[in-house]
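A.B. asks: Predicted model and sequence follow; I will ask about them next.
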Amino acid sequence: MMKKLEKAIDVIKYLPFYMLFAPFWFSNGVVDKFYGILFGTRHGDSWDGWKEYIAGTWSQKPLTNTLLVPMYDYLFPVLIALQILPVVLLIVSFLKLEILPNRPKTLLKAGLLSSLFVTASMAVSQTLAGASDVQYLFQFWGVSLLAFWYVETQAKSLTPVTA
């Protein structure tokens with residue numbers, strides 16, 4: 001009974017990361033940004049809608065108004081790519097069965113690291129702008145950091161030590 005439970009835990013212990021991060025970035029990167037801009041579904045999800053929201057937030061502080069607002073048209077496509085990257089890496093990781101025990105978790109770690117990176121990038125601009133979004137970004141950055149640390153720690157605990 002306990003052996004079966006341990007085996008089940010080994011199989012599903014990474015599933016929560018796929019369940020949390022893939023939908024989050026699919027919603028925030030693919031649907032909100034890419035799909036919204038590509039198909040112009042609603043004003044808020046259009047290029048101009050996002051520019052009004054993001055550049056409007058940046059324009060509240062002199063530093064971000066001077067440095068980031070003029071760069072919006074160059075930075076926003078980079079942000080979209082960064083937000084889509086985690087979900088792509090996580091889907092490929094899942095399809096390559098990295099969720100299974102004793103399989104390298106390279107793409108899973110890459111997906112979590114890209115989540116950490118894009119969240120940190122967004123948090124920098126929002127912190128400099130003094131935006132309220134920074135609170136949820138710091139929380140998600142912390143969750144991303146813990147997820148990456150957990151997967152990295154689990155991978156190292158499975159690696160045999162040779163002396």
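C.D. replies: Cool, got the structure. Residues are numbered from 1 along each chain as shown.
A.B. asks: Need the three-state assignment for the most centrally placed residue in the chain.
C.D. replies: The centre of the chain sits closest to residue 115, judged by Cα atoms, centre = their mean, with a distance of 2.6 Å. Look at residue 115: counting by DSSP: H, G, I helix; E, B strand; the rest coil, its state is helix.
A.B. asks: so it sits right up against residue 21, yeah?
C.D. replies: Yes. The pair residue 115 and residue 21 qualifies as a contact (Cβ atoms under 8 Å) at a distance of 5.5 Å. Backbone N, C-alpha and C define where each C-beta goes, glycine included.
A.B. asks: Quick check: neighbours shared by these two?
C.D. replies: Taking Cβ atoms under 8 Å, 6 or more residues apart in numbering as the contact rule, residue 115 and residue 21 both touch 86, 144, 147.
A.B. asks: so which of the residues you listed is the most crowded?
C.D. replies: Counting neighbours by other Cβ atoms under 10 Å, the top entry in those is residue 86, with 27 neighbours.
A.B. asks: Flag every buried residue along the host helix or strand of that residue.
C.D. replies: Using DSSP states H and E, residue 86 falls within helix 72-95. Across helix 72-95, burial judged by 16 or more other Cβ atoms under 10 Å covers 75-76, 79-80, 82-90, 93-94.
A.B. asks: elements contacting it?
C.D. replies: Contact here means 3 or more Cβ pairs under 8 Å, 6 or more residues apart in numbering; DSSP states H and E; on that basis helix 72-95 packs against helix 15-25, helix 47-58, helix 106-129.
A.B. asks: Specify the angle between the first one and helix 106-129 in degrees.
C.D. replies: Spelled out, it's helix 15-25. 50 degrees (axes from the mean of the first three to the mean of the last three Cα atoms, to 10 degrees).
A.B. asks: Output the lowest mean pLDDT helix or strand found in this protein.
C.D. replies: helix 36-39 (a mean of 76; mean pLDDT, DSSP states H and E).
A.B. asks: Okay, now the unreliable bits of the chain?
C.D. replies: Scanning the chain for pLDDT under 70 picks out the ranges 40-44, 157-163.
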